[in-house]
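Participant: here is a sequence together with a model predicted from it:
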Amino acid sequence: MKRTDSMRGYQGGYLIGFIMIVVVAIRDLISFQEEPTLGILMLLIALYAAHYALEPWLSNRFRTYNAFYFPFQTIVVIALTNLRPFTDISCILYVPLSIQVLRAFSRRATLAWIMIYIVLLTLTLLFGLG
């Protein structure tokens, strides 16, 4: 089955991901008002959203794009969640990545990525919330 055929079922999860990105952006915009890191925060969210939007097209065009995409997006989420003051809402961005991992990789690789995301999410919340 080609990836374009499997995209029909993927569109619902993809839309949920965009809704989560907008929610994170709005909540962080409210939480980071008058903070010096607001510009960096918005830049990181825009970068995440742009790569998220382009992922289906770039994955179809370049076979090895996923090897770059998932580590890059993971680094962006880690950077977002480490900005101060800590807002736990940014951790939600691991969910769209997990949905994409399910579509992009085999079961073994998917399990590895989701376990990495669980560990990163746990560490982020432990250090962020104290």
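Facilitator: Perfect, thanks for sending it.
Participant: tell me the centre residue of this structure?
Facilitator: Among the residues of the chain, Leu93 comes closest to the average C-alpha position under C-alpha atoms, centre = their mean, at 4.1 Å.
Participant: contacts only, for it.
Facilitator: Met20, Ile21, Val24, Tyr48, Val77, Leu80 (C-beta atoms under 8 Å, 6 or more residues apart in numbering). For glycine as for every other residue, the C-beta is placed from the backbone atoms N, C-alpha and C.
Participant: isn't the fourth one up against Val22?
Facilitator: This means Tyr48. No. Tyr48 sits out of contact with Val22 when judged by C-beta atoms under 8 Å, with a separation of 11.6 Å.
Participant: I'd like the next helix or strand past the lowest-mean-pLDDT helix or strand in the chain.
Facilitator: Taking mean pLDDT, DSSP states H and E as the measure, the helix or strand of the chain with the lowest value is helix 3-31, at a mean of 78. Scanning forward in sequence from helix 3-31, with DSSP states H and E defining helices and strands, the next element found is helix 38-61.
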